[in-house]
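please work out how this folds:
(one chain, ligands or ions: 2)
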Amino acid sequence: MPDIIRLLPDSVANQIAAGEVIQRPASAVKELLENAVDAGAINITLIVKDAGKSLIQVVDNGSGMSYSDARMSFERHATSKISLAEDLFKIRSKGFRGEALASIAAIAQVEVKTRKPEEETGTLVTIEGSTVSQHEITACNAGTSVSVKNLFFNIPARRNFLKSNASETKHILDEFNRVALAHPEIAMSLVQDGLEVFRLQSGNLRQRITALMGNNYNERLVPVQEETTIVSVEGFIGKPEFARKSRGEQFFFVNRRYIRDAYLNHAVVNAFEGLLPQGCFPSYFIMINIDPSKIDVNIHPTKTEIKFDDERAIYSIIRASVKRALGKFAVAPSLDFDQEHAFSIPVSMYSKPPSAPKINVNPGYNPFKESAHNPAPSSQAGRSQLFEMRQDEDISRLKVAGQIGLSFILCFNDKEAILIDQQSAHERILYEEFKVRFEKSQSVSQQDLFPVVMEFSHSDFEQIRELMPDLRKSGFDMDEFGRNTVVISGLPPGVNKGSEKRIIEEILEGFKNNVPGNDINPREKLLRSLVTAIAVKSGQKLDEREMQLIADKLRHCSQPNFNFTGKATFVTLAPDVVANLFKQRSLK
Ligand code: ADP
Ligand code: MG
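Ligands and ions are numbered 1, 2, ... in the order given. You can find the predicted model right below:
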């Protein structure tokens, strides 16, 4: 038998890589804009025709490339941005994989004209389906112009799969906005089918936001600024009264890179708690600066997800800084351009990185279980024991005493007090309940609803269609109802009538953003989004029956200690803990 394994030709390998990196014209736009930013350009023009399907061109006045670099840039894994593995921990540039140009050239007709400012002649390279057809000296402006024609010309399936021009243009605009917001110091223009749509002057973030979003944004913005040793946070949030029904204007940038992060989004939304009308989403434009060694940008090929070493600390810093900004704004409601600088806050409330208080806990200990005594497991055994807990004994009910700060349920068993975090406990409960439903793949008894019609944007509709089978299993009785519309006629138990629209929106939101805990399958992602959307929230008043229900149901969970994000669901106040508190507070 002859050997049968071969290395793929570069053109094929590049096409495969392109499948990951370049999904649609907007992906090419993103890569080219980022290359121009990385090249240090202070002026960038994006030209698109036919929603990028026939032409995408990016012209910059950056560093340009030498004759041989211009050719080299199309090789796979060819990059000037990193050379050693440890450079991966110092990344400040947008690119570093060296894949974008090779990928684009595999699936389009590409022409590059480039000249280094200090050189007299420039270089022209044309390449089509990974084959170079021209590589010669040419006269051209300093900087680089890359034009990409007929994207997917050699992959008809991909080309046919592209959405309408309106929808592809929307994606392109999103990418343009993200780069423009991340780099207000760079002058940027957009020319669409021969029409100049944007000409953005170099300026500060506030000016850039108003130039992109409209002048009326100026009065809507509240500055956020926080300096800590682990991160600095700056940017703007929209005043609560301008919150919108759609989640359009929510931007996080980490080291000037746009990211999506449901967990950090939650931090902002949480800071707005109680200030937003039902079903509204706050706007925000938040820049996070952090030491690149404390994040991993390498987890996603198109890099809109990153991983923070210390996600929780960042969560609380963001929440606190948004809260502070909102507080300041309440005392000084009118802000204008000139006041912007007066708002920098020199002394931080976090002068030291927050460190978790040391508390000795026994993670395997379950107060909901009554046994004569709970032997403390050795620290190693602790974790596994947590997952093996059963509730075989019949336990007497917990006595519910009341709610603390509208967030915690105080209850007692016969030995100690237990504080339940209502939100994370309810999330745990619902998570286990819905998981069973998904697995049994039978839909549950529903509460009937007078049919409610919900309309979506086309892309959201596509998403909902995909999720529909699982949503049905979870108890949403829903059907397609014409163009971009569904009709809902039944709800899962526990979902209040009238809240179905908000909940579907939240599920969609949660599903689109990365729910904390990456790499989870779509059904798990849906499950988590669903549970997050319908669980009671901190700050919500509960009546006695509801508190009792949460306490009882938590007790019956198979893993009652944490919700699915790892947040504790309860703490116990045993007599010795209480005694300790007294000791700490005493003078002697
Ligand atoms: P990456 O950005 O990950 O390095 P790319 O394939 O996007 O990979 O680009 C390859 C290389 O080509 C870059 O590292 C850079 O040296 C060069 N390059 C690409 N675009 C430009 C540009 N607009 N100006 C100057 N150099 C560029
Ligand atoms: Mg690049």
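
need the pLDDT of Q339.
We have a pLDDT of 31 for Q339.

same check on Q442?
61.

now swap in the one 3 residues further on and tell me
Looking at S445, its pLDDT reads 53.

for the stretch 1-150 of the chain, which segments count as strands?
43-49, 55-60, 109-115, 122-128, 131-138, 143-149 (DSSP state E, counting those that start in this stretch).

what's the closest of the ones you listed to ligand 1?
Ligand 1 sits nearest to strand 143-149 of all the strands of the stretch 1-150 of the chain, at 3.7 Å, using C-beta to the nearest ligand atom. (C-beta placed from N, C-alpha, C; glycine too.)

re the thing from before, export the strands of the stretch 1-150 of the chain to JSON lines and tack on distance to ligand 2 and mean pLDDT?
Listed next are those as JSON lines, based on distance: least, C-beta to the ion, whole Å; pLDDT from 0 to 100:
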{"stretch": "strand 43-49", "distance to ligand 2": "14", "mean pLDDT": "97"}
{"stretch": "strand 55-60", "distance to ligand 2": "11", "mean pLDDT": "98"}
{"stretch": "strand 109-115", "distance to ligand 2": "13", "mean pLDDT": "98"}
{"stretch": "strand 122-128", "distance to ligand 2": "16", "mean pLDDT": "97"}
{"stretch": "strand 131-138", "distance to ligand 2": "19", "mean pLDDT": "96"}
{"stretch": "strand 143-149", "distance to ligand 2": "11", "mean pLDDT": "98"}
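
quick one: closest of those strands to A166.
strand 43-49 (13.2 Å; C-beta to C-beta).

just the buried positions in that closest one, please.
I44, T45, L46, I47, V48 (16 or more other C-beta atoms under 10 Å).

could I get that strand in PDB with only the CA atoms?
Extracted in PDB, the C-alpha atoms of strand 43-49 (Å, rounded to 0.1, in the frame of the first residue of the first chain):
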ATOM      1  CA  ASN A  43      -5.600  58.800   7.700                       C
ATOM      2  CA  ILE A  44      -7.600  55.900   6.400                       C
ATOM      3  CA  THR A  45     -10.200  55.700   3.600                       C
ATOM      4  CA  LEU A  46     -12.500  52.800   3.100                       C
ATOM      5  CA  ILE A  47     -14.100  52.400  -0.300                       C
ATOM      6  CA  VAL A  48     -16.800  49.800  -0.900                       C
ATOM      7  CA  LYS A  49     -18.900  48.900  -3.900                       C
END
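
same for it, what does it pack against?
If you count contacts as 3 or more C-beta pairs under 8 Å, 6 or more residues apart in numbering; DSSP states H and E, strand 43-49 packs onto helix 25-38, strand 55-60, helix 165-182, strand 187-192.

out of these, deepest packed?
Of all those, helix 25-38 has the most neighbours on average by mean count of other C-beta atoms under 10 Å, namely a mean of 25.

now for that helix, which elements pack on it?
By 3+ C-beta pairs under 8 Å, 6+ apart, helix 25-38 packs against strand 43-49, strand 55-60, helix 100-106, strand 143-149, helix 165-182.

turn the strands of the stretch 1-150 of the chain into CSV, columns for distance to ligand 1.
CSV is the format used below for the strands of the stretch 1-150 of the chain (distance: least, C-beta to the nearest ligand atom, whole Å):
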stretch, distance to ligand 1
strand 43-49, 9
strand 55-60, 5
strand 109-115, 6
strand 122-128, 11
strand 131-138, 15
strand 143-149, 4
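
am I right that K537 sits in a helix?
No - under DSSP: H, G, I helix; E, B strand; the rest coil, K537 sits outside any helix and is assigned coil.

does L190 touch E175 like I think?
No - using C-beta atoms under 8 Å, L190 is not in contact with E175, being 10.5 Å away.

show me what contacts the nearest residue in space to H77 that is not next to it in sequence?
Distances taken as C-beta to C-beta, 6 or more residues apart in numbering put G98 closest to H77, at 4.7 Å, once the chain neighbours are dropped. Counting by C-beta atoms under 8 Å, 6 or more residues apart in numbering, G98 makes contact with E75, R76, H77, A78, T79, K81.

how much space is there between G98 and I306?
19 Å (C-beta to C-beta, to the nearest Å).

same check, this time on D38
From D38 to I306 the distance is 17 Å (C-beta to C-beta).

follow-up on the earlier one: most neighbours out of the contacts of G98, which is it?
T79 (20 neighbours; other C-beta atoms under 10 Å).

isn't that one right up against I91?
No - shown here, T79 and I91 do not form a contact pair, counting by C-beta under 8 Å, at 10.9 Å.

wait, V254 sits on I286?
No - the pair V254 / I286 is not scored as a contact, 9.5 Å apart, by C-beta under 8 Å.

what about stretch 294-304, how long is it end to end?
16 Å (C-alpha to C-alpha, to the nearest Å).

cool, and stretch 469-489?
By C-alpha to C-alpha, one end of stretch 469-489 lies 15 Å from the other end.

surely L508 touches R465?
No - here L508 does not reach R465: they are 11.6 Å apart, not a contact under C-beta under 8 Å.

who has more neighbours, the two?
The neighbour comparison of L508 against R465 (other C-beta under 10 Å) goes to L508, with 21 against 13.

how about the nearest residue to the more buried one, chain neighbours excluded?
Distances taken as C-beta to C-beta, 6+ apart place D460 nearest to L508, at 5.8 Å, with adjacent residues excluded.

also K553?
Leaving aside its sequence neighbours, K553 sits nearest to I429 (C-beta to C-beta, 6+ apart; 4.5 Å).

neighbours of the one you found, how many?
That count, for I429 with other C-beta under 10 Å as the rule, works out to 25.

wait, it touches R555, no?
No - between I429 and R555 there is no contact under C-beta under 8 Å: 9.8 Å.

centre of the chain to stretch 309-326, how far?
Centre-to-centre, stretch 309-326 and its host chain are 15 Å apart (C-alpha atoms, centre = their mean, to the nearest Å).

for it, buried residues please.
311, 313-315, 317-326.

of those, just say which sits nearest to R545.
Of all those, R545 sits closest to R319, with 30.9 Å by C-beta to C-beta.

relative to ligand 2, how far out is that closest one?
Noted for R319: a distance of 33 Å to ligand 2, by C-beta to the ion, to the nearest Å.

now for that residue: which residues touch it?
Contacts of R319 by C-beta under 8 Å, 6+ apart are A267, V268, N270, A271.

where does the second one sit, in terms of helix or strand?
Spelled out, it's V268. Assigned by DSSP states H and E, V268 belongs to helix 262-271.

pull the number of nearby residues for D3.
Neighbour count for D3, taken as other C-beta under 10 Å: 5.

one more: the one 3 residues further on?
As a burial measure, R6 scores 6 neighbours (other C-beta under 10 Å).

what pLDDT does it get?
Reading off the model, R6 has pLDDT 84.

repeat that for P353.
For P353, the model assigns a pLDDT of 40.

cool, and E370?
The model's pLDDT for E370 equals 44.

who touches the closest residue to S145 other than its chain neighbours in this structure?
Nearest non-adjacent residue to S145, counting by C-beta to C-beta, 6+ apart: V59, 4.4 Å away. By C-beta under 8 Å, 6+ apart, the contact set of V59 is I44, T45, I47, N141, G143, T144, S145.
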